[in-house]
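K.L.:
Next comes the sequence, and after it the predicted model I'd like to discuss.
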Amino acid sequence: MDSKKSIMKPSKKRSGIFRSGCQKKDRNRKMSKKMGERHMDYFAHIDGERKQSVLEHSEGVARLAGMFAGEFGKYEWGYCSGLLHDIGKYSLRFQRRLQKGDVQVDHSTAGAQLCAAKGGYYSFLNYCIAGHHAGLPDCGSNTDNGGESTLSGRLKKKVEDYQAYQTVIEVPQLHSAPIDPKAVPNPYFSLSFFMRMIYSCLVDADFLDTEAFMKQGKTERDPGTRIEELYRKLDKYLENKRWLENKKPDTINGRRSEILRHCMDMGTQEKGMFRLTVPTGGGKTIASLAFALRHAAAHQMKRIIYVIPYTNIIEQNAQVFREILGEENVLESHCNIDYTSSEELRPMQLASENWDKPVVVTTNVQFFESLFASKSSKCRKLHNIANSVIIFDEAQMLPTNYLKPCIAIMEELLQRYGASIVLCTATQPALLPFFHGKQTVRELCPRREEQFQFFERVTYQNMGTVTEENMIESLCQEGQALCIVNT
């Protein structure tokens, strides 16, 4: 065929430009002369006879990372990080490693160095791209040399020639700033958290695209049922139980029904911060779920995350949620859960990696530690916290030793990542003074003080200072008693 007829004009897709025809062939021939080949193909992964090109992988990761970052209004940041994260694979040495496995190659540093050279907003992607396998690096100092694992050291490191990427990829434009420094009380903290969220988008997208290629699309992942359908499931459950019908304020079930109806009505309120201050016995588990599902459905939010201090409470609540919503829609994520014991639990095991289920129940420790983590395995799920309803059950048990950073993260999620937060407890902690900005909190419990008076079922007697003998004598006179001592 006449080669002139096969020339194609460059075509554009989103931010990347993918060239073909003579221009691409000429440049590739120059690169491939070193390996004695007529034409050079660059691959990201090889599985037997099957091969995935670097371009195909980069485009796939870019689309996914962009979609993830789009949940908090930063599509272009996710897309750019995904498109550039593996340009180091456009080196001849990496292609040799991929096909023969007899050499070691650092392919992550190239994209970080390219972003550093471009400067401006691109510099904020350095950490994400450099650490997309090994974890977010420390910054280091200007005195670090190319052998250091810090970001400063990595940016000075000599890397393999990867310029062949220019034949198929053009660096996307970043138009939006990562944050508005004038709109945040602590811009350095906000910027570090933004980079961690973009890192999460990149890491999860990289894992998912690679997994899809290696498994030929048969990944066994199941994201569960849409929130709108789950709300209908709850509505049907409540109808069958007739929990909304009792409107007698002089009965316990009537009071529970009142609290439940009010929470459902409040679900259409604008996103933000809420309190559910319900006395013991008031049905806060179902009431909080009802609010969260109605709220998420009203605002097209992705999931509901319960953050609970104790695993025994997690197990109890998760069982209630599974009964209402179905086992496939509720993910328990804590140290007592092992999803690897059965092949039937494989979808749950995969979902635990990135919290890709509509309802997630986890611990305070795992939730907050992940938000400050640097390892890719822990950070991978962070982007799925954006645009979620987060319920802190037993909110008075938030770790007091780390209260300021915990509140700072909660404020970030509220202000910049589309989350709504519910503080759910009978004894509300005084958290508002720890928020930097003016925070409006809406109460979900109707007639709160009256509810507490109605549900009060014990009387307290202060015995003062007593001897052990006197205490024993007093207890022996009772058929049933609760004795609270100071030690």
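P.N.:
Okay, I see it.
K.L.:
how about residue 388, phi and psi?
P.N.:
Note on residue 388: its backbone torsions stand at phi -120, psi 160 [degrees, to the nearest 10].
K.L.:
Spatially nearest residue to it, not counting backbone neighbours?
P.N.:
residue 303 (4.8 Å; CB to CB, 6 or more residues apart in numbering). For the C-beta atoms, the positions are set from N, CA and C on the backbone; glycine is no exception.
K.L.:
contacting residues around that neighbour?
P.N.:
Shown in contact with residue 303 (CB atoms under 8 Å, 6 or more residues apart in numbering): 227, 296, 355, 357-360, 384, 388-389.
K.L.:
mind checking how far it is from residue 49?
P.N.:
Distance, residue 303 to residue 49, using CB to CB, to the nearest Å: 39 Å.
K.L.:
Spell out for me which residue occupies the centre of the chain.
P.N.:
With distances taken as CA atoms, centre = their mean, the residue of the chain nearest its centroid is residue 382 (2.2 Å).
K.L.:
what about residue 248, how many neighbours?
P.N.:
For residue 248, the count of nearby residues is 11 (other CB atoms under 10 Å).
K.L.:
Let's verify it: helix, strand, or coil?
P.N.:
Assigned with DSSP: H, G, I helix; E, B strand; the rest coil, residue 248 falls in the coil class.
K.L.:
Next up, the contacts around it.
P.N.:
Residue 248 is in contact with residue 254, counting by CB under 8 Å, 6+ apart.
K.L.:
Distance of it relative to residue 456?
P.N.:
19 Å.
K.L.:
Would you double-check that residue 289 falls in a helix?
P.N.:
Yes - counting by three-state DSSP, residue 289 is part of a helix.
K.L.:
For the remainder of this discussion, apply numbering that starts at 520.
P.N.:
Understood, numbering begins at 520; the last thing we discussed is residue 808.
K.L.:
just checking, it touches residue 752?
P.N.:
No - contact between residue 808 and residue 752 fails when scored by CB atoms under 8 Å: they sit 10.8 Å apart.
K.L.:
what touches both of the two?
P.N.:
Residues touching both residue 808 and residue 752 by CB under 8 Å, 6+ apart: residue 843.
K.L.:
Tell me which residues touch residue 967, please.
P.N.:
Neighbouring residues of residue 967 by CB under 8 Å, 6+ apart: residue 796.
K.L.:
Which pLDDT value goes with it?
P.N.:
Looking at residue 967, its pLDDT is 85.
K.L.:
Distance check, residue 870 against residue 822.
P.N.:
With the distance defined as CB to CB, residue 870 ends up 11 Å from residue 822.
K.L.:
overlap in contacts of the two?
P.N.:
Residues touching both residue 870 and residue 822 (CB under 8 Å, 6+ apart) are residue 876.
K.L.:
sorry, back to before: so residue 808 and residue 752 - more neighbours on which side?
P.N.:
residue 808 (25 against 15).
K.L.:
and residue 655, how many residues sit next to it?
P.N.:
Other residues near residue 655 come to 20 when the count uses other CB under 10 Å.
K.L.:
same thing with residue 770?
P.N.:
By other CB under 10 Å, neighbour count at residue 770 equals 12.
K.L.:
which residues sit in contact with it?
P.N.:
Under the criterion of CB under 8 Å, 6+ apart, residue 770 has no neighbours.
K.L.:
how close does it get to residue 566?
P.N.:
For residue 770, the distance to residue 566 - CB to CB - is 64 Å.
K.L.:
Kindly report the same for residue 694.
P.N.:
As defined by CB to CB, residue 694 lies at a distance of 37 Å from residue 566.
K.L.:
I figured the residue nearest to the centre of the chain hits residue 713, correct?
P.N.:
No - using CB under 8 Å, residue 901 makes no contact with residue 713, being 11.1 Å away.
K.L.:
pretty sure residue 672 is touching residue 661, no?
P.N.:
No - counting by CB under 8 Å, residue 672 stays clear of residue 661, with 10.3 Å between them.
K.L.:
What's the biggest helix in the chain, counting residues?
P.N.:
helix 706-733 (DSSP state H).
K.L.:
by contact count, what packs against that helix?
P.N.:
Under the contact definition 3 or more CB pairs under 8 Å, 6 or more residues apart in numbering; DSSP states H and E, helix 706-733 sits against strand 562-566, helix 573-589, helix 594-603, helix 645-649, helix 865-873, helix 895-898, helix 922-935.
K.L.:
Identify whichever of these lies nearest to residue 846.
P.N.:
helix 865-873 (8.7 Å; CB to CB).
K.L.:
Appreciated, that's everything.
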